[in-house]
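1. need a structure here:
(chains A and B)
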There are 2 protein chains.
Amino acid sequence: MINKLIAKIQKTQAPIVVGLDPMLDYIPAHVKEKAFAEFGETLEGAAEAIWQFNKEIVDKTYDLIPAVKPQIAMYEQFGVEGLKAYQRTVDYCHSKDLVVIGDIKRGDIGSTSAAYASGHLGKVQVGSKCYTAFNEDFATVNPYLGSDGVKPFLEVCREEGKGLFILVKTSNPSSGEFQDRLIDGRPLYELVGEKVAQWGREHMGDSYSYIGAVVGATYPEMGKILRKIMPKTFILVPGYGAQGGKGKDLAHFFNEDGYGAIVNSSRGIIAAYKQEAYAAFGAEQFGDASRAAVEDMAKDIREALG
Amino acid sequence: MINKLIAKIQKTQAPIVVGLDPMLDYIPAHVKEKAFAEFGETLEGAAEAIWQFNKEIVDKTYDLIPAVKPQIAMYEQFGVEGLKAYQRTVDYCHSKDLVVIGDIKRGDIGSTSAAYASGHLGKVQVGSKCYTAFNEDFATVNPYLGSDGVKPFLEVCREEGKGLFILVKTSNPSSGEFQDRLIDGRPLYELVGEKVAQWGREHMGDSYSYIGAVVGATYPEMGKILRKIMPKTFILVPGYGAQGGKGKDLAHFFNEDGYGAIVNSSRGIIAAYKQEAYAAFGAEQFGDASRAAVEDMAKDIREALG
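-> Predicted coordinates:
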């Protein structure tokens, strides 16, 4: 799947992932009104609004981008109905040949991680039959429990040709509270980065490993160091745009071959119509506003990479 | 909710939580056959088998125990259908007045943690209406992202009178890989423990905080130190039984008042009928085997506490 992701980045010339994190506040009134008219102001109605919103954004951007990253929390907050919309979104993005990165940040003891890995990246056995459940292409994983919490994910990726992005240095303001603490003079995130690089070497695609890392755009200097520690690791970079990361900060996350990173933007793309720069599109044309925002982001990154 | 949990521990004299982690392998053939006859060997059939299995165990043990801890991964692996069984299990346990600890180990950047907190412990707004989604009483949380990943959970707990158990030192063999690394001469889990104690002081129930910690039974010496660092923190102790933790190891996790910890057993209770000690019950009476295992576990802990 890492080979497919890289091929799609080459084709689109846009190392961009659109974060499908549909807060209800982002969804234009006319979309919500239509969904609520059909299903009421219910969890089902919220799920329908999310789904219609996602579909329009995907329809208007899928030819420009290699991948999407739905954040499962934004669906899970609406319970089972929300997770149906998540499933539907994953399936629809697959039908558009997009690579789907499930931003699930799971991680547990071995047997439990195995269940998460089966449900999100692999297959589950029911009697004599075998099924996929959520079936994303990549998943994000939390490393706090150590190797035996990660290994079941690695095994499933090897079997299924899928991939991971493991949290190394997250984009949020307090990520340093534990991740930056010094161990033998070096921050914890570097040790996690080394471990990710080691797992990665055992799970190589053609030019990059299919075991990637998450490093926030908000910490470009740390990105520079981690890029060196993990030379064959693909880096998923959140925090661009709304969280404060800028195009010029991104160069550090890429290798000299121009690859090795993919930059996420969520709010900045999916709620573009709410920004001054794209307000002229109007709420009715929110999908076109998102398309324009993708084009601008791709340009910003291409310029930053020179 | 911490006050309710403590009151129920006082009443049952059993600081025990039954882990409802229904792997299909644990479920007796007759339960699976009945479910598959109705729904086929499908994800729906698996979910029905899980639900019927859980219901029987809850019916046979609810009067002996204060709480249950469904591990959401075991449901999530079957996708949306599995999560329906999770929801049904949570609701049923509430109808039996059990405290429900959702073992979800979520944790993300602020806005995303807020969505998880709403979906699992709080309420979500849909237009003019307000709903609960999964509605557990406590949730487990991963601290790797630091304070701003935890704060939205704290806020929802304060509003809703609910609680957390934050991962400090997990029960698995490789938990030390990052958690035990020394920072200024002290292991990371102690720093996390101090942070949990600090959050806890700001969120106090009557005698204990409703912000608890997870510390594995498999590390009793570390439990002893953490007990001192977090005197008012309730400790959820996984790893008893099948994972290797023994009754005598548990004393360290409790305070001198005899409270301050609750011990989880999953496989050891729910698949008791598969153990030699309870084989006489037979697979048909698996619920009675679970009841006997709960009684033995309660006795083991009472003896360990003297």
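2. C-alpha only now, for contacts and for neighbours.
-> Noted.
3. quick one: is the host helix or strand of residue A:91 near chain B?
-> Using DSSP states H and E, residue A:91 sits in helix A:79-95. Yes. Counting by CA under 8 Å from any CA of the partner chain, contacts between helix A:79-95 and chain B involve A:79, A:80, A:83, A:84, A:87.
4. what's the spacing between that helix and its chain's center?
-> 15 Å (CA atoms, centre = their mean, to the nearest Å).
5. ok, residues contacting it?
-> The set of residues external to helix A:79-95 that reach it, using CA atoms under 8 Å, 6 or more residues apart in numbering or on different chains, is A:43-44, A:46-48, A:50-51, A:54-55, A:58, A:68, A:70, A:72, A:74-76, A:99-100, A:134-136, B:80, B:83-84, B:87, B:119, B:133-134.
6. hmm, try it at 7 Å
-> A:43-44, A:47, A:50-51, A:72, A:75-76, A:100, A:134, A:136, B:80, B:83-84, B:119, B:133-134 (CA atoms under 7 Å, 6 or more residues apart in numbering or on different chains).
7. Of the residues of helix A:79-95 next to chain B, which is the nearest to chain B?
-> residue A:79 (4.7 Å; CA to the nearest CA).
8. What residues does chain A have near chain B?
-> Chain A has residues A:41-42, A:46, A:73-74, A:76-80, A:83-84, A:106, A:109, A:112, A:115-116, A:118-119, A:124, A:126-127, A:129, A:133-134, A:144-148, A:170, A:172, A:174-175, A:177-178, A:181-183 near chain B, with proximity defined as CA under 7 Å from any CA of the partner chain.
9. for the residue nearest the centre of chain A, what are its contacts?
-> With distances taken as CA atoms, centre = their mean, chain A has residue A:69 as the residue nearest its mean C-alpha position (3.4 Å). Counting by CA under 7 Å, 6+ apart, residue A:69 touches A:17, A:18, A:19, A:20, A:100, A:101, A:102, A:103.
10. go again using 6 Å as the cut-off
-> A:18, A:19, A:20, A:100, A:101, A:102 (CA atoms under 6 Å, 6 or more residues apart in numbering or on different chains).
11. Those in strands, which ones?
-> A:18, A:100, A:101, A:102 (DSSP state E).
12. hmm, which of the residues you listed are the buried ones?
-> A:18, A:100, A:101, A:102 (16 or more other CA atoms under 10 Å in any protein chain shown).
13. where along chain A do the helices fall?
-> A:2-12, A:29-39, A:43-61, A:73-76, A:79-95, A:110-120, A:147-160, A:176-179, A:188-201, A:220-229, A:267-270, A:286-305 (DSSP state H).
14. what comes up buried for the first one?
-> By neighbour count, with 16+ other CA under 10 Å as the criterion, the buried positions of helix A:2-12 are A:2, A:3, A:5, A:6, A:8, A:9, A:12.
15. show me the contacts for the last one.
-> Under the criterion of CA under 6 Å, 6+ apart, the contact list for residue A:12 reads residue A:64.
16. If we use 8 Å, what do you get?
-> A:63, A:64, A:65, A:66.
17. ok, now the fourth one?
-> Contacts were defined as CA under 8 Å, 6+ apart; by that measure residue A:6 touches residue A:259.
18. Need the pLDDT of it.
-> Note on residue A:6: pLDDT of 97.
19. show me the contacts for residue A:76.
-> A:82, A:83, B:115, B:116, B:119 are the contacts of residue A:76 under CA under 8 Å, 6+ apart.
20. Burial check on the second one, number of neighbours?
-> Going back to what we said before, that points to residue A:83. 22 (other CA atoms under 10 Å in any protein chain shown).
21. picking that back up, which PyMOL command selects the buried ones in the contacts of residue A:12?
-> With 16+ other CA under 10 Å as the criterion, this PyMOL line picks the buried residues out of the contacts of residue A:12:
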select buried, chain A and resi 64+65+66
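22. Output the contacts of residue A:12 in a markdown table, with pLDDT appended to each entry.
-> Listed next are those as a markdown table, based on pLDDT from 0 to 100:
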| residue | pLDDT |
| --- | --- |
| A:63 | 98 |
| A:64 | 98 |
| A:65 | 98 |
| A:66 | 98 |
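23. which of the contacts of residue A:12 sit farthest apart?
-> Longest distance between any two of the contacts of residue A:12 is 8.0 Å, between A:63 and A:66; criterion CA to CA.
24. What distance do you get for residue A:125 to residue A:115?
-> Distance, residue A:125 to residue A:115, using CA to CA, to the nearest Å: 11 Å.
25. hang on, the earlier thing: now, among the ones in strands among the contacts of residue A:69, which is nearest to residue A:164?
-> residue A:101 (8.4 Å).
26. That closest one touches residue A:70, doesn't it?
-> Yes. Look at residue A:101 against residue A:70 with CA atoms under 8 Å: they come within range, at 6.8 Å.
27. circling back: kindly reformat the contacts of residue A:69 as a markdown table containing pLDDT.
-> Compiled in a markdown table, the contacts of residue A:69 are given as follows (pLDDT from 0 to 100):
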| residue | pLDDT |
| --- | --- |
| A:18 | 98 |
| A:19 | 98 |
| A:20 | 98 |
| A:100 | 98 |
| A:101 | 98 |
| A:102 | 98 |
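28. okay, and for chain A, where does confidence drop off?
-> A:242-243, A:245 (pLDDT under 70).
29. Could you rerun that using 90?
-> A:239-249, A:304-306 (pLDDT under 90).
30. unless I'm mixing things up, residue A:187 is touching residue A:180, no?
-> Yes. Residue A:187 lies in contact with residue A:180 (CA under 8 Å); the separation is 4.7 Å.
31. what number of residues lie near residue A:30?
-> Neighbours of residue A:30 (other CA under 10 Å): 12.
32. Ok, residue A:300 next?
-> Neighbours of residue A:300 using other CA under 10 Å come to 16.
33. With the one 5 residues further on instead?
-> The local packing count at residue A:305 equals 18, with neighbours defined by other CA under 10 Å.
34. go on, residue A:159?
-> 10.
35. Please report how far it lies from residue A:121.
-> 10 Å.
36. and what of residue A:4?
-> 16 Å.
37. picking that back up, closest one to residue A:259 among the helices of chain A?
-> Per CA to CA, nearest to residue A:259 of the helices of chain A: helix A:2-12, 7.9 Å.
38. now that closest one against helix A:286-305, angle please.
-> Orientation check (axes from the mean of the first three to the mean of the last three CA atoms, to 10 degrees): helix A:2-12 against helix A:286-305 gives 90 degrees.
39. Dump helix A:2-12 to PDB, keeping only the CA atoms.
-> In PDB, the C-alpha atoms belonging to helix A:2-12 read as follows (Å, rounded to 0.1, in the frame of the first residue of the first chain):
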ATOM      1  CA  ILE A   2       3.000   2.300   0.500                       C
ATOM      2  CA  ASN A   3       3.900   1.700  -3.100                       C
ATOM      3  CA  LYS A   4       0.400   2.700  -4.200                       C
ATOM      4  CA  LEU A   5       0.500   5.800  -2.000                       C
ATOM      5  CA  ILE A   6       3.800   6.900  -3.500                       C
ATOM      6  CA  ALA A   7       2.600   6.200  -7.000                       C
ATOM      7  CA  LYS A   8      -0.500   8.300  -6.400                       C
ATOM      8  CA  ILE A   9       1.700  11.200  -5.000                       C
ATOM      9  CA  GLN A  10       3.800  11.000  -8.100                       C
ATOM     10  CA  LYS A  11       0.700  11.200 -10.300                       C
ATOM     11  CA  THR A  12      -1.000  14.000  -8.500                       C
END
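40. Report the distance from it to the chain centre.
-> 15 Å.
41. just stretch A:176-195 next, same as before
-> Distance, centroid of stretch A:176-195 to centroid of chain: 23 Å (CA atoms, centre = their mean).
42. Could you tell me which residues within it count as buried?
-> Buried-residue list, stretch A:176-195, by 16+ other CA under 10 Å: A:176-183, A:187-195.
43. Please apply the same query to stretch A:237-251.
-> Neighbour count says stretch A:237-251 has A:237, A:238, A:239, A:240, A:241, A:243, A:245, A:246, A:247, A:249, A:250, A:251 buried, by 16+ other CA under 10 Å.
44. Right, I'll call it a day here.
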